[in-house]
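**Student:** Let me see the structure of the following:
(2 chains)
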Protein chains: 2
Amino acid sequence: MKPDKYVHGYSDKEASRLNNQADTLEDIIHCDSIFPNGSLVLEAGCGVGAQTKIITAKNPHSGFISIDISEDSIREAKEMQKQAGLTNVEFKQADIFHLPFEDETFDGVILCFVLEHLHDPIEALHSVKRVLKKGGVLMAIEGDHGSTFFYPESEDACAAINCQIQLQKQAGGNANIGRTLYPLFNATGLKEISVTPRMVYVDSSKPQLVEGFIKNTFTAMIEGVGKMSVERGLVDDQTFDKGIKDLYRTAASDGVFCYTFLKVMGIK
Amino acid sequence: MKPDKYVHGYSDKEASRLNNQADTLEDIIHCDSIFPNGSLVLEAGCGVGAQTKIITAKNPHSGFISIDISEDSIREAKEMQKQAGLTNVEFKQADIFHLPFEDETFDGVILCFVLEHLHDPIEALHSVKRVLKKGGVLMAIEGDHGSTFFYPESEDACAAINCQIQLQKQAGGNANIGRTLYPLFNATGLKEISVTPRMVYVDSSKPQLVEGFIKNTFTAMIEGVGKMSVERGLVDDQTFDKGIKDLYRTAASDGVFCYTFLKVMGIK
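**Tutor:** Below is the predicted model of the structure:
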(Lines give C-alpha, C1' and ligand atoms only; values in the text may rest on other atoms or scores of the structure.)
Protein backbone atom coordinates (compact mmCIF):
# COMPACT_ATOMS: atom_id res chain seq x y z
CA MET A 1 0.00 0.00 0.00
CA LYS A 2 1.13 3.56 -0.67
CA PRO A 3 2.06 5.15 2.67
CA ASP A 4 1.01 8.62 1.52
CA LYS A 5 -2.42 7.46 0.47
CA TYR A 6 -3.31 4.77 3.00
CA VAL A 7 -6.72 5.97 4.06
CA HIS A 8 -6.73 4.48 7.56
CA GLY A 9 -3.50 6.27 8.52
CA TYR A 10 -0.58 4.89 10.46
CA SER A 11 -1.32 5.93 14.04
CA ASP A 12 -0.88 3.71 17.12
CA LYS A 13 -4.65 3.64 17.47
CA GLU A 14 -4.91 2.30 13.93
CA ALA A 15 -2.31 -0.40 14.61
CA SER A 16 -4.31 -1.41 17.68
CA ARG A 17 -7.52 -1.49 15.65
CA LEU A 18 -5.93 -3.76 13.03
CA ASN A 19 -4.71 -6.11 15.73
CA ASN A 20 -8.15 -6.14 17.29
CA GLN A 21 -9.73 -6.99 13.95
CA ALA A 22 -7.45 -9.94 13.42
CA ASP A 23 -7.91 -11.36 16.90
CA THR A 24 -11.67 -11.23 16.71
CA LEU A 25 -12.14 -12.57 13.20
CA GLU A 26 -9.42 -15.18 13.17
CA ASP A 27 -11.68 -18.20 12.83
CA ILE A 28 -13.97 -16.68 10.23
CA ILE A 29 -11.18 -15.47 7.98
CA HIS A 30 -8.24 -17.78 8.50
CA CYS A 31 -9.75 -21.20 9.29
CA ASP A 32 -8.46 -22.37 5.90
CA SER A 33 -5.36 -20.20 5.44
CA ILE A 34 -3.31 -23.39 5.35
CA PHE A 35 -0.35 -24.17 3.07
CA PRO A 36 1.29 -27.60 2.63
CA ASN A 37 4.08 -28.29 5.13
CA GLY A 38 7.43 -27.01 3.91
CA SER A 39 5.96 -24.25 1.75
CA LEU A 40 7.70 -20.94 1.20
CA VAL A 41 4.91 -18.35 1.27
CA LEU A 42 4.86 -14.68 0.32
CA GLU A 43 2.54 -12.44 2.30
CA ALA A 44 2.29 -9.20 0.32
CA GLY A 45 1.07 -6.06 2.12
CA CYS A 46 1.53 -7.34 5.66
CA GLY A 47 1.25 -3.92 7.32
CA VAL A 48 2.10 -4.15 11.03
CA GLY A 49 1.87 -7.95 10.91
CA ALA A 50 -1.58 -8.39 12.46
CA GLN A 51 -2.54 -11.16 10.02
CA THR A 52 1.03 -12.49 9.83
CA LYS A 53 0.88 -13.49 13.49
CA ILE A 54 -2.19 -15.65 12.83
CA ILE A 55 -1.12 -17.13 9.50
CA THR A 56 2.41 -18.10 10.62
CA ALA A 57 0.99 -19.76 13.76
CA LYS A 58 -1.41 -21.75 11.58
CA ASN A 59 1.46 -22.90 9.35
CA PRO A 60 4.30 -23.74 11.76
CA HIS A 61 6.02 -26.01 9.24
CA SER A 62 6.13 -23.41 6.46
CA GLY A 63 8.28 -20.30 6.05
CA PHE A 64 6.97 -16.81 5.27
CA ILE A 65 8.39 -13.68 3.71
CA SER A 66 6.07 -10.82 4.60
CA ILE A 67 6.50 -7.55 2.78
CA ASP A 68 4.99 -4.09 2.99
CA ILE A 69 5.84 -0.85 1.21
CA SER A 70 5.80 1.13 4.46
CA GLU A 71 9.13 1.18 6.33
CA ASP A 72 7.28 2.22 9.48
CA SER A 73 4.90 -0.74 9.31
CA ILE A 74 7.77 -3.17 8.75
CA ARG A 75 9.60 -1.70 11.75
CA GLU A 76 6.49 -2.23 13.90
CA ALA A 77 5.98 -5.73 12.50
CA LYS A 78 9.57 -6.64 13.43
CA GLU A 79 8.95 -5.33 16.96
CA MET A 80 5.82 -7.49 17.15
CA GLN A 81 7.82 -10.46 15.85
CA LYS A 82 10.38 -10.04 18.63
CA GLN A 83 7.71 -9.80 21.32
CA ALA A 84 5.63 -12.71 19.97
CA GLY A 85 8.72 -14.84 19.24
CA LEU A 86 7.73 -15.68 15.66
CA THR A 87 10.46 -17.76 14.04
CA ASN A 88 9.01 -18.72 10.65
CA VAL A 89 8.73 -15.28 9.07
CA GLU A 90 11.05 -12.65 7.67
CA PHE A 91 9.68 -9.11 7.38
CA LYS A 92 11.02 -7.02 4.52
CA GLN A 93 10.23 -3.64 2.99
CA ALA A 94 9.21 -4.08 -0.67
CA ASP A 95 6.73 -2.85 -3.27
CA ILE A 96 4.09 -5.33 -4.42
CA PHE A 97 4.34 -3.86 -7.93
CA HIS A 98 8.13 -4.40 -8.07
CA LEU A 99 8.86 -7.54 -6.10
CA PRO A 100 12.56 -8.23 -5.48
CA PHE A 101 12.19 -11.98 -6.09
CA GLU A 102 12.93 -14.33 -8.99
CA ASP A 103 10.10 -15.80 -11.05
CA GLU A 104 8.46 -18.86 -9.45
CA THR A 105 10.11 -18.41 -6.03
CA PHE A 106 7.10 -19.15 -3.81
CA ASP A 107 4.87 -22.17 -3.20
CA GLY A 108 2.03 -19.92 -2.06
CA VAL A 109 1.01 -16.28 -1.83
CA ILE A 110 -1.47 -14.65 0.53
CA LEU A 111 -2.88 -11.12 0.45
CA CYS A 112 -4.96 -9.85 3.38
CA PHE A 113 -6.81 -6.53 3.07
CA VAL A 114 -4.33 -5.27 0.48
CA LEU A 115 -6.06 -5.18 -2.92
CA GLU A 116 -8.69 -2.75 -1.57
CA HIS A 117 -5.97 -0.07 -1.28
CA LEU A 118 -4.32 -0.49 -4.69
CA HIS A 119 -5.00 1.62 -7.77
CA ASP A 120 -4.45 -1.40 -10.03
CA PRO A 121 -5.26 -4.68 -8.27
CA ILE A 122 -4.89 -6.74 -11.47
CA GLU A 123 -1.33 -5.44 -11.97
CA ALA A 124 -0.61 -6.40 -8.34
CA LEU A 125 -2.03 -9.87 -8.92
CA HIS A 126 0.08 -10.31 -12.05
CA SER A 127 3.12 -9.24 -10.05
CA VAL A 128 2.60 -11.79 -7.25
CA LYS A 129 1.63 -14.44 -9.81
CA ARG A 130 5.03 -13.97 -11.44
CA VAL A 131 6.86 -15.02 -8.27
CA LEU A 132 4.45 -17.92 -7.59
CA LYS A 133 5.41 -21.42 -8.77
CA LYS A 134 3.21 -23.11 -11.34
CA GLY A 135 0.57 -25.09 -9.42
CA GLY A 136 0.95 -22.85 -6.36
CA VAL A 137 -2.03 -21.31 -4.59
CA LEU A 138 -2.82 -17.61 -4.41
CA MET A 139 -5.20 -16.58 -1.60
CA ALA A 140 -6.73 -13.18 -0.97
CA ILE A 141 -9.11 -11.97 1.69
CA GLU A 142 -10.92 -8.64 1.45
CA GLY A 143 -13.83 -6.86 3.05
CA ASP A 144 -16.74 -5.23 1.26
CA HIS A 145 -18.17 -2.17 2.97
CA GLY A 146 -21.21 -2.19 0.67
CA SER A 147 -22.16 -5.55 2.16
CA THR A 148 -22.92 -3.94 5.52
CA PHE A 149 -26.49 -4.09 6.85
CA PHE A 150 -27.82 -3.71 10.35
CA TYR A 151 -30.77 -3.19 12.64
CA PRO A 152 -32.08 -0.67 13.52
CA GLU A 153 -31.70 0.67 9.98
CA SER A 154 -30.27 4.20 9.64
CA GLU A 155 -29.72 6.40 6.60
CA ASP A 156 -27.19 8.47 8.55
CA ALA A 157 -25.15 5.37 9.36
CA CYS A 158 -25.18 4.45 5.65
CA ALA A 159 -24.02 8.00 4.85
CA ALA A 160 -21.14 7.67 7.33
CA ILE A 161 -20.09 4.31 5.86
CA ASN A 162 -20.32 5.83 2.40
CA CYS A 163 -17.75 8.47 3.43
CA GLN A 164 -15.20 5.71 3.99
CA ILE A 165 -16.09 4.23 0.58
CA GLN A 166 -15.69 7.62 -1.13
CA LEU A 167 -12.39 8.42 0.63
CA GLN A 168 -10.95 5.07 -0.33
CA LYS A 169 -12.02 5.71 -3.92
CA GLN A 170 -10.36 9.15 -3.83
CA ALA A 171 -7.16 7.44 -2.63
CA GLY A 172 -7.30 5.10 -5.66
CA GLY A 173 -8.69 2.10 -3.77
CA ASN A 174 -11.99 0.24 -3.58
CA ALA A 175 -13.74 -0.44 -0.25
CA ASN A 176 -16.26 -2.67 -2.08
CA ILE A 177 -13.57 -4.87 -3.60
CA GLY A 178 -14.72 -8.12 -1.95
CA ARG A 179 -17.42 -8.67 -4.55
CA THR A 180 -14.87 -8.28 -7.39
CA LEU A 181 -12.41 -11.00 -6.32
CA TYR A 182 -13.75 -13.60 -8.73
CA PRO A 183 -13.49 -11.36 -11.82
CA LEU A 184 -10.07 -10.05 -10.64
CA PHE A 185 -8.62 -13.55 -10.30
CA ASN A 186 -10.22 -14.54 -13.59
CA ALA A 187 -8.69 -11.54 -15.36
CA THR A 188 -5.27 -12.52 -13.96
CA GLY A 189 -5.53 -15.95 -15.58
CA LEU A 190 -5.67 -17.97 -12.35
CA LYS A 191 -7.33 -21.40 -12.43
CA GLU A 192 -9.76 -23.31 -10.19
CA ILE A 193 -10.93 -20.04 -8.68
CA SER A 194 -13.14 -20.43 -5.65
CA VAL A 195 -14.68 -17.56 -3.70
CA THR A 196 -16.36 -18.06 -0.32
CA PRO A 197 -18.18 -15.32 1.59
CA ARG A 198 -17.38 -15.03 5.31
CA MET A 199 -20.19 -13.13 6.92
CA VAL A 200 -19.71 -11.73 10.38
CA TYR A 201 -23.22 -11.87 11.83
CA VAL A 202 -23.49 -10.20 15.23
CA ASP A 203 -26.37 -10.00 17.68
CA SER A 204 -26.35 -9.62 21.46
CA SER A 205 -25.95 -13.37 21.96
CA LYS A 206 -22.35 -12.82 20.78
CA PRO A 207 -20.96 -10.23 23.22
CA GLN A 208 -17.37 -10.76 22.05
CA LEU A 209 -18.23 -9.77 18.48
CA VAL A 210 -20.44 -6.91 19.69
CA GLU A 211 -17.38 -5.41 21.39
CA GLY A 212 -14.67 -6.72 19.09
CA PHE A 213 -16.34 -6.21 15.74
CA ILE A 214 -19.27 -3.75 15.83
CA LYS A 215 -17.65 -1.31 18.24
CA ASN A 216 -13.87 -1.74 18.16
CA THR A 217 -13.37 -2.73 14.53
CA PHE A 218 -16.06 -1.47 12.19
CA THR A 219 -17.51 1.59 13.91
CA ALA A 220 -14.06 2.66 15.16
CA MET A 221 -12.82 2.53 11.57
CA ILE A 222 -15.71 4.63 10.24
CA GLU A 223 -15.42 7.05 13.16
CA GLY A 224 -11.76 7.53 12.24
CA VAL A 225 -12.58 9.12 8.86
CA GLY A 226 -15.09 11.66 10.22
CA LYS A 227 -12.80 14.68 10.29
CA MET A 228 -11.46 14.12 6.78
CA SER A 229 -14.95 13.41 5.42
CA VAL A 230 -16.32 16.67 6.78
CA GLU A 231 -13.26 18.62 5.58
CA ARG A 232 -13.70 17.24 2.08
CA GLY A 233 -17.40 18.06 2.05
CA LEU A 234 -18.57 14.46 1.77
CA VAL A 235 -20.94 14.89 4.73
CA ASP A 236 -21.95 17.46 7.33
CA ASP A 237 -20.75 16.76 10.83
CA GLN A 238 -24.22 16.39 12.36
CA THR A 239 -25.14 13.65 9.89
CA PHE A 240 -21.81 11.92 10.44
CA ASP A 241 -22.08 12.06 14.24
CA LYS A 242 -25.66 10.75 14.11
CA GLY A 243 -24.48 7.98 11.77
CA ILE A 244 -21.78 6.92 14.23
CA LYS A 245 -24.27 7.02 17.09
CA ASP A 246 -26.62 4.81 15.05
CA LEU A 247 -23.81 2.34 14.32
CA TYR A 248 -23.09 2.05 18.06
CA ARG A 249 -26.87 1.66 18.54
CA THR A 250 -26.70 -1.63 16.61
CA ALA A 251 -24.59 -2.96 19.51
CA ALA A 252 -27.59 -2.73 21.88
CA SER A 253 -29.42 -5.83 23.11
CA ASP A 254 -31.95 -5.73 20.24
CA GLY A 255 -29.42 -4.71 17.58
CA VAL A 256 -27.98 -6.76 14.71
CA PHE A 257 -24.95 -6.11 12.52
CA CYS A 258 -23.78 -7.96 9.39
CA TYR A 259 -20.60 -7.54 7.36
CA THR A 260 -19.13 -9.80 4.71
CA PHE A 261 -15.51 -10.60 4.02
CA LEU A 262 -14.79 -12.60 0.88
CA LYS A 263 -11.94 -15.04 0.46
CA VAL A 264 -10.66 -16.24 -2.88
CA MET A 265 -8.25 -19.02 -3.79
CA GLY A 266 -6.82 -19.66 -7.23
CA ILE A 267 -4.09 -21.82 -8.73
CA LYS A 268 -1.35 -20.61 -11.09
CA MET B 1 -50.42 -13.80 4.43
CA LYS B 2 -53.29 -11.55 3.43
CA PRO B 3 -54.37 -12.50 -0.11
CA ASP B 4 -55.46 -8.96 -0.97
CA LYS B 5 -52.10 -7.54 0.04
CA TYR B 6 -49.63 -10.23 -0.96
CA VAL B 7 -47.16 -8.16 -2.95
CA HIS B 8 -45.88 -10.94 -5.22
CA GLY B 9 -49.40 -11.78 -6.43
CA TYR B 10 -50.90 -15.21 -7.02
CA SER B 11 -50.28 -15.85 -10.71
CA ASP B 12 -49.07 -19.13 -12.22
CA LYS B 13 -45.78 -17.43 -13.04
CA GLU B 14 -45.39 -16.50 -9.38
CA ALA B 15 -46.12 -20.07 -8.25
CA SER B 16 -43.47 -21.29 -10.69
CA ARG B 17 -40.99 -18.71 -9.35
CA LEU B 18 -41.57 -19.84 -5.77
CA ASN B 19 -41.01 -23.45 -6.77
CA ASN B 20 -37.87 -22.48 -8.60
CA GLN B 21 -36.59 -20.60 -5.54
CA ALA B 22 -37.09 -23.58 -3.29
CA ASP B 23 -35.50 -26.09 -5.66
CA THR B 24 -32.38 -24.01 -6.13
CA LEU B 25 -31.81 -22.98 -2.52
CA GLU B 26 -32.79 -26.21 -0.81
CA ASP B 27 -29.37 -27.00 0.61
CA ILE B 28 -28.62 -23.48 1.77
CA ILE B 29 -31.92 -22.94 3.52
CA HIS B 30 -33.16 -26.35 4.64
CA CYS B 31 -30.01 -28.38 5.40
CA ASP B 32 -30.99 -28.20 9.09
CA SER B 33 -34.80 -28.02 8.87
CA ILE B 34 -34.92 -31.28 10.80
CA PHE B 35 -37.36 -32.23 13.59
CA PRO B 36 -37.07 -35.28 15.89
CA ASN B 37 -38.72 -38.43 14.48
CA GLY B 38 -42.39 -38.65 15.39
CA SER B 39 -42.87 -34.87 15.68
CA LEU B 40 -46.11 -33.16 14.78
CA VAL B 41 -45.05 -29.94 13.04
CA LEU B 42 -47.02 -26.85 12.06
CA GLU B 43 -45.90 -25.04 8.92
CA ALA B 44 -47.62 -21.67 8.98
CA GLY B 45 -47.93 -19.70 5.74
CA CYS B 46 -47.15 -22.58 3.38
CA GLY B 47 -48.42 -20.83 0.25
CA VAL B 48 -48.49 -23.23 -2.69
CA GLY B 49 -46.37 -25.75 -0.78
CA ALA B 50 -43.01 -25.04 -2.39
CA GLN B 51 -41.12 -25.31 0.92
CA THR B 52 -43.49 -28.00 2.27
CA LYS B 53 -42.34 -30.42 -0.43
CA ILE B 54 -38.73 -30.05 0.75
CA ILE B 55 -39.37 -30.03 4.50
CA THR B 56 -41.68 -33.05 4.53
CA ALA B 57 -39.18 -35.03 2.42
CA LYS B 58 -36.45 -34.15 4.93
CA ASN B 59 -38.63 -35.34 7.85
CA PRO B 60 -40.23 -38.57 6.57
CA HIS B 61 -40.90 -39.82 10.12
CA SER B 62 -42.75 -36.69 11.25
CA GLY B 63 -46.20 -35.38 10.38
CA PHE B 64 -46.99 -31.88 9.15
CA ILE B 65 -50.02 -29.61 9.17
CA SER B 66 -49.38 -26.84 6.65
CA ILE B 67 -51.70 -23.84 6.69
CA ASP B 68 -52.15 -20.74 4.59
CA ILE B 69 -54.79 -18.02 4.66
CA SER B 70 -55.27 -18.19 0.89
CA GLU B 71 -57.86 -20.78 -0.26
CA ASP B 72 -56.34 -20.64 -3.75
CA SER B 73 -52.84 -21.41 -2.50
CA ILE B 74 -54.11 -24.33 -0.40
CA ARG B 75 -55.97 -25.71 -3.43
CA GLU B 76 -52.76 -25.52 -5.48
CA ALA B 77 -50.75 -27.06 -2.63
CA LYS B 78 -53.19 -30.01 -2.48
CA GLU B 79 -52.82 -30.48 -6.23
CA MET B 80 -49.03 -30.51 -5.80
CA GLN B 81 -49.40 -33.00 -2.94
CA LYS B 82 -51.38 -35.36 -5.17
CA GLN B 83 -48.82 -35.15 -7.98
CA ALA B 84 -45.79 -35.49 -5.69
CA GLY B 85 -47.41 -38.21 -3.57
CA LEU B 86 -46.69 -36.55 -0.22
CA THR B 87 -48.17 -38.62 2.58
CA ASN B 88 -46.95 -36.90 5.75
CA VAL B 89 -48.69 -33.54 5.40
CA GLU B 90 -52.22 -32.20 5.64
CA PHE B 91 -52.90 -28.85 3.95
CA LYS B 92 -55.53 -26.66 5.59
CA GLN B 93 -56.81 -23.11 5.13
CA ALA B 94 -56.26 -21.12 8.35
CA ASP B 95 -55.19 -17.70 9.62
CA ILE B 96 -51.85 -17.54 11.43
CA PHE B 97 -53.33 -14.92 13.77
CA HIS B 98 -56.31 -17.17 14.70
CA LEU B 99 -55.00 -20.72 14.65
CA PRO B 100 -57.70 -23.41 14.99
CA PHE B 101 -55.55 -25.56 17.31
CA GLU B 102 -55.41 -26.20 21.06
CA ASP B 103 -52.57 -24.77 23.15
CA GLU B 104 -49.38 -26.87 23.01
CA THR B 105 -50.50 -29.08 20.10
CA PHE B 106 -47.25 -29.15 18.11
CA ASP B 107 -43.72 -30.43 18.75
CA GLY B 108 -42.31 -27.94 16.27
CA VAL B 109 -43.27 -24.96 14.12
CA ILE B 110 -41.65 -23.69 10.94
CA LEU B 111 -42.27 -20.43 9.08
CA CYS B 112 -40.71 -19.91 5.64
CA PHE B 113 -40.89 -16.46 4.01
CA VAL B 114 -44.02 -15.56 5.98
CA LEU B 115 -43.11 -12.97 8.60
CA GLU B 116 -41.93 -10.59 5.87
CA HIS B 117 -45.53 -10.21 4.70
CA LEU B 118 -47.23 -9.70 8.07
CA HIS B 119 -48.20 -6.36 9.59
CA ASP B 120 -47.46 -7.66 13.10
CA PRO B 121 -44.83 -10.41 13.08
CA ILE B 122 -44.57 -10.49 16.89
CA GLU B 123 -48.32 -11.15 17.20
CA ALA B 124 -47.91 -13.97 14.66
CA LEU B 125 -45.00 -15.42 16.64
CA HIS B 126 -47.03 -15.27 19.85
CA SER B 127 -49.86 -17.06 18.04
CA VAL B 128 -47.69 -19.96 16.82
CA LYS B 129 -45.90 -20.08 20.18
CA ARG B 130 -49.27 -20.70 21.85
CA VAL B 131 -49.81 -23.94 19.89
CA LEU B 132 -46.18 -25.07 20.37
CA LYS B 133 -45.39 -27.47 23.24
CA LYS B 134 -43.03 -26.26 25.95
CA GLY B 135 -39.50 -27.25 24.89
CA GLY B 136 -40.52 -27.37 21.22
CA VAL B 137 -38.53 -25.61 18.52
CA LEU B 138 -39.71 -22.68 16.44
CA MET B 139 -37.81 -22.10 13.18
CA ALA B 140 -38.16 -19.22 10.75
CA ILE B 141 -36.36 -18.46 7.51
CA GLU B 142 -36.58 -15.07 5.84
CA GLY B 143 -34.79 -13.10 3.16
CA ASP B 144 -33.43 -9.59 3.47
CA HIS B 145 -33.53 -7.53 0.29
CA GLY B 146 -31.29 -4.87 1.85
CA SER B 147 -28.55 -7.49 2.08
CA THR B 148 -28.21 -7.61 -1.72
CA PHE B 149 -24.95 -6.53 -3.32
CA PHE B 150 -23.51 -7.31 -6.70
CA TYR B 151 -20.94 -6.56 -9.36
CA PRO B 152 -20.98 -4.53 -11.53
CA GLU B 153 -22.51 -2.03 -9.11
CA SER B 154 -25.57 -0.10 -10.32
CA GLU B 155 -27.61 2.65 -8.70
CA ASP B 156 -30.52 1.87 -11.02
CA ALA B 157 -30.53 -1.76 -9.90
CA CYS B 158 -30.58 -0.58 -6.27
CA ALA B 159 -33.50 1.72 -7.14
CA ALA B 160 -35.41 -1.21 -8.68
CA ILE B 161 -34.79 -3.38 -5.61
CA ASN B 162 -35.88 -0.50 -3.42
CA CYS B 163 -39.26 -0.45 -5.24
CA GLN B 164 -39.92 -3.97 -3.99
CA ILE B 165 -38.91 -2.91 -0.46
CA GLN B 166 -41.25 0.12 -0.60
CA LEU B 167 -44.18 -1.87 -2.02
CA GLN B 168 -43.83 -4.49 0.65
CA LYS B 169 -43.78 -1.73 3.28
CA GLN B 170 -46.93 -0.20 1.76
CA ALA B 171 -48.58 -3.62 2.03
CA GLY B 172 -47.71 -3.75 5.74
CA GLY B 173 -44.72 -6.07 5.39
CA ASN B 174 -40.95 -5.79 5.65
CA ALA B 175 -38.63 -6.99 2.87
CA ASN B 176 -35.63 -6.39 5.16
CA ILE B 177 -37.02 -8.59 7.94
CA GLY B 178 -34.14 -11.09 7.95
CA ARG B 179 -31.96 -8.83 10.08
CA THR B 180 -34.73 -8.47 12.68
CA LEU B 181 -35.25 -12.18 13.44
CA TYR B 182 -33.15 -12.14 16.59
CA PRO B 183 -34.98 -9.19 18.20
CA LEU B 184 -38.36 -10.58 17.04
CA PHE B 185 -37.75 -13.97 18.67
CA ASN B 186 -36.38 -12.23 21.75
CA ALA B 187 -39.46 -10.04 22.03
CA THR B 188 -41.65 -13.16 21.81
CA GLY B 189 -39.92 -14.68 24.83
CA LEU B 190 -38.29 -17.60 23.02
CA LYS B 191 -35.14 -19.12 24.53
CA GLU B 192 -31.77 -20.32 23.19
CA ILE B 193 -32.23 -18.16 20.12
CA SER B 194 -29.73 -18.79 17.37
CA VAL B 195 -29.59 -16.93 14.06
CA THR B 196 -27.42 -18.07 11.16
CA PRO B 197 -27.00 -16.16 7.91
CA ARG B 198 -27.28 -18.18 4.69
CA MET B 199 -25.63 -16.18 1.97
CA VAL B 200 -26.26 -17.12 -1.62
CA TYR B 201 -23.01 -16.15 -3.32
CA VAL B 202 -23.12 -16.49 -7.10
CA ASP B 203 -20.43 -16.07 -9.73
CA SER B 204 -20.11 -17.64 -13.16
CA SER B 205 -18.45 -20.76 -11.70
CA LYS B 206 -21.95 -21.64 -10.42
CA PRO B 207 -24.10 -21.71 -13.57
CA GLN B 208 -27.04 -23.36 -11.79
CA LEU B 209 -27.33 -20.46 -9.34
CA VAL B 210 -26.74 -17.90 -12.09
CA GLU B 211 -29.85 -19.24 -13.84
CA GLY B 212 -31.81 -20.43 -10.83
CA PHE B 213 -31.15 -17.58 -8.44
CA ILE B 214 -29.91 -14.38 -10.15
CA LYS B 215 -32.18 -14.66 -13.19
CA ASN B 216 -35.18 -16.86 -12.35
CA THR B 217 -35.62 -16.05 -8.67
CA PHE B 218 -34.33 -12.63 -7.65
CA THR B 219 -34.41 -10.58 -10.85
CA ALA B 220 -37.68 -12.20 -11.94
CA MET B 221 -39.21 -11.17 -8.60
CA ILE B 222 -38.03 -7.56 -8.91
CA GLU B 223 -39.09 -7.43 -12.57
CA GLY B 224 -42.57 -8.50 -11.46
CA VAL B 225 -43.18 -5.32 -9.46
CA GLY B 226 -42.15 -2.90 -12.23
CA LYS B 227 -45.63 -1.98 -13.43
CA MET B 228 -46.98 -1.34 -9.94
CA SER B 229 -43.86 0.60 -8.94
CA VAL B 230 -44.15 2.97 -11.90
CA GLU B 231 -47.93 3.35 -11.38
CA ARG B 232 -47.36 4.31 -7.75
CA GLY B 233 -44.65 6.80 -8.70
CA LEU B 234 -41.87 4.98 -6.86
CA VAL B 235 -39.65 5.08 -9.95
CA ASP B 236 -39.72 6.13 -13.60
CA ASP B 237 -39.87 3.28 -16.08
CA GLN B 238 -36.52 4.07 -17.72
CA THR B 239 -34.70 3.80 -14.40
CA PHE B 240 -36.56 0.62 -13.54
CA ASP B 241 -35.85 -1.00 -16.91
CA LYS B 242 -32.17 -0.04 -16.69
CA GLY B 243 -32.09 -1.45 -13.15
CA ILE B 244 -33.47 -4.80 -14.34
CA LYS B 245 -31.00 -4.84 -17.22
CA ASP B 246 -28.18 -4.21 -14.72
CA LEU B 247 -29.40 -7.03 -12.47
CA TYR B 248 -29.32 -9.42 -15.44
CA ARG B 249 -25.85 -8.01 -16.23
CA THR B 250 -24.58 -9.48 -12.92
CA ALA B 251 -25.26 -12.92 -14.46
CA ALA B 252 -22.51 -12.37 -17.07
CA SER B 253 -19.19 -14.23 -16.88
CA ASP B 254 -17.52 -11.47 -14.82
CA GLY B 255 -20.58 -10.73 -12.67
CA VAL B 256 -21.16 -11.50 -8.98
CA PHE B 257 -24.38 -11.53 -6.97
CA CYS B 258 -24.88 -11.90 -3.21
CA TYR B 259 -28.09 -12.23 -1.21
CA THR B 260 -28.54 -13.29 2.38
CA PHE B 261 -31.31 -15.37 3.92
CA LEU B 262 -31.36 -15.61 7.70
CA LYS B 263 -32.59 -18.58 9.67
CA VAL B 264 -33.56 -18.44 13.31
CA MET B 265 -34.30 -21.19 15.80
CA GLY B 266 -35.69 -20.70 19.27
CA ILE B 267 -37.12 -22.89 22.03
CA LYS B 268 -40.41 -22.30 23.88
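
**Student:** residues from the stretch 101-250 of chain A in reach of chain B?
**Tutor:** Residues of the stretch 101-250 of chain A lying close to chain B by C-beta under 8 Å from any C-beta of the partner chain are A:144, A:146-147, A:149-151, A:153, A:176, A:179-180, A:182-183, A:186-187, A:193-197, A:199, A:201, A:203-205. Yep, even glycine has a C-beta here, placed from its N, CA and C like the rest.

**Student:** Restricted to helices, list those.
**Tutor:** Members of these lying in helices (criterion: DSSP state H): A:182, A:183, A:186, A:187.

**Student:** Leaving out sequence neighbours, find the closest residue to the second one.
**Tutor:** Nearest non-adjacent residue to residue A:183, counting by C-beta to C-beta, 6 or more residues apart in numbering or on different chains: residue B:254, 4.1 Å away.

**Student:** and what of the last one?
**Tutor:** With C-beta to C-beta, 6+ apart as the criterion, residue A:187 has its nearest non-adjacent residue at 5.4 Å, and that residue is residue A:122.

**Student:** gap between residue A:65 and residue A:123?
**Tutor:** Residue A:65 sits 20 Å away from residue A:123, going by C-beta to C-beta, to the nearest Å.

**Student:** Next: residue A:71.
**Tutor:** Residue A:71 is 22 Å from residue A:123, by C-beta to C-beta.

**Student:** go on, residue A:159?
**Tutor:** To residue A:123, residue A:159 is 32 Å away according to C-beta to C-beta.

**Student:** out of the two, which sits in the busier spot?
**Tutor:** More crowded of residue A:159 and residue A:123, by other C-beta atoms under 10 Å in any protein chain shown: residue A:159, with 18 against 12.

**Student:** Figure out the helix or strand that the more buried one lives in.
**Tutor:** helix A:155-170 (DSSP states H and E).

**Student:** now do residue A:244
**Tutor:** helix A:237-249.

**Student:** How far off centre is that helix?
**Tutor:** Taking the mean of its C-alpha atoms, helix A:237-249 sits 24 Å from the chain's own mean (C-alpha atoms, centre = their mean, to the nearest Å).

**Student:** what's near enough to touch residue A:167?
**Tutor:** Shown in contact with residue A:167 (C-beta atoms under 8 Å, 6 or more residues apart in numbering or on different chains): A:7, A:225, A:228, A:229, A:232, A:234.

**Student:** got a pLDDT number for it?
**Tutor:** If you check residue A:167, the pLDDT there is 97.

**Student:** Low-confidence regions, the stretch 101-250 of chain A specifically.
**Tutor:** Along the stretch 101-250 of chain A, no part satisfies pLDDT under 70.

**Student:** mind listing the strands for it?
**Tutor:** Along the stretch 101-250 of chain A, counting by DSSP state E, counting those that start in this stretch, strands occupy A:106-112, A:132-142, A:149-151, A:191-203.

**Student:** So residue A:226 sits against residue A:238, correct?
**Tutor:** No - using C-beta atoms under 8 Å, residue A:226 is not in contact with residue A:238; the gap is 11.3 Å.

**Student:** Looking at those two, which one has more neighbours?
**Tutor:** Between residue A:226 and residue A:238, residue A:226 has the larger neighbour count (other C-beta under 10 Å), namely 19 against 10.

**Student:** Before I go, just wanted to say thanks for your time.
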